[in-house]
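**Student:** This is the structure alone, sequence omitted:
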């Protein structure tokens, strides 16, 4: 089995795979009811184009200017970007599915990723499939055991991914917190396991429910 040639791509790949799983499962379970909006981490802005000029024809009336599309009155949810880059009013009927936040700690050479999923069924499926997916990708699962995060049951999974070509190894600590559908991941070079552990515990200690 081939391993990931660039270790930093692994964290991104895991999130893409699991987010795709959540999206595909949306059609199976349907939208949840009474869910609160979660702000997405990234949202690309549509490019703005200058208004098109209406061409005038002799002995004819000019065409009315085109109207920009807008959601129906009394429309959907209003969200603010977590990084303060934008605000958006979503169309009526839009249902939040999840959000992902990525942070970098250059001094510790670590990355922190936090993903939340609004559907319990999707989250449980992600948690159950995660160890098997890691093994298929050639990772070594170092620890897998239950844990407690501020009174909430969680699942702790630590694994190591080694690139045979470069010899580099990445270590990752993960907490799947069932109550709330929250997944916390801290990843960094294997030689920095102590720092990874300290940051992981610090992130969990800083959580507020």
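**Tutor:** Cool, the structure landed. Remember, predicted model here, so these are calculated numbers, not experimental data.
**Student:** For the residue lying closest to residue 183 once chain neighbours are set aside, list each beta-bridge partner.
**Tutor:** In space, and not counting its chain neighbours, residue 183 is closest to residue 115: 4.5 Å by Cβ to Cβ, 6 or more residues apart in numbering. No exception for glycine: its C-beta is placed from N, CA and C like everyone else's. For residue 115, the beta-bridge partners under DSSP bridges are residue 100, residue 183.
**Student:** you'd agree residue 115 is up against residue 97?
**Tutor:** No: applying Cβ atoms under 8 Å, one finds residue 115 not in contact with residue 97, separated by 11.1 Å.
**Student:** who's more crowded, the two?
**Tutor:** The neighbour count for residue 115 versus residue 97, taken as other Cβ atoms under 10 Å, is higher for residue 115 (23 against 20).
**Student:** okay, that one: pLDDT?
**Tutor:** Note for residue 115: predicted pLDDT of 95.
**Student:** where's it relative to residue 189, distance?
**Tutor:** Going from residue 115 to residue 189 by Cβ to Cβ, to the nearest Å gives 22 Å.
**Student:** what do you get for residue 183?
**Tutor:** Taken as Cβ to Cβ, the span from residue 183 to residue 189 is 21 Å.
**Student:** More neighbours: those two, which one.
**Tutor:** A side-by-side neighbour count of residue 183 and residue 189, using other Cβ under 10 Å, places residue 183 first with 25 against 16.
**Student:** Tell me who's in contact with the more buried one.
**Tutor:** With contact set as Cβ atoms under 8 Å, 6 or more residues apart in numbering, residue 183 has these partners: 113-117, 123, 126-127, 174-177.
**Student:** From residue 87, how far out is it?
**Tutor:** Residue 183 is 26 Å from residue 87, by Cβ to Cβ.
**Student:** Against residue 123, how distant is the residue nearest to residue 183?
**Tutor:** Distance, residue 115 to residue 123, by Cβ to Cβ: 9 Å.
**Student:** Check which residues of stretch 150-163 are buried.
**Tutor:** By 16 or more other Cβ atoms under 10 Å, the buried positions in stretch 150-163 come out as 154-159, 161-163.
**Student:** Show me the two of those that sit farthest apart.
**Tutor:** Farthest pair in the buried residues of stretch 150-163 (Cβ to Cβ) is 154 and 163. Separation: 29.0 Å.
**Student:** Run through the chain and note the low-pLDDT ranges.
**Tutor:** 1-75 (pLDDT under 70).
**Student:** Tell me where it has strands.
**Tutor:** 78-80, 87-89, 98-105, 110-117, 140-149, 152-162, 169-177, 182-189 (DSSP state E).
**Student:** a markdown table for these, including distance to residue 204?
**Tutor:** Listed next are the strands of the chain as a markdown table, based on distance: least, Cβ to Cβ, whole Å:
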| stretch | distance to residue 204 |
| --- | --- |
| strand 78-80 | 26 |
| strand 87-89 | 30 |
| strand 98-105 | 14 |
| strand 110-117 | 11 |
| strand 140-149 | 5 |
| strand 152-162 | 9 |
| strand 169-177 | 6 |
| strand 182-189 | 6 |
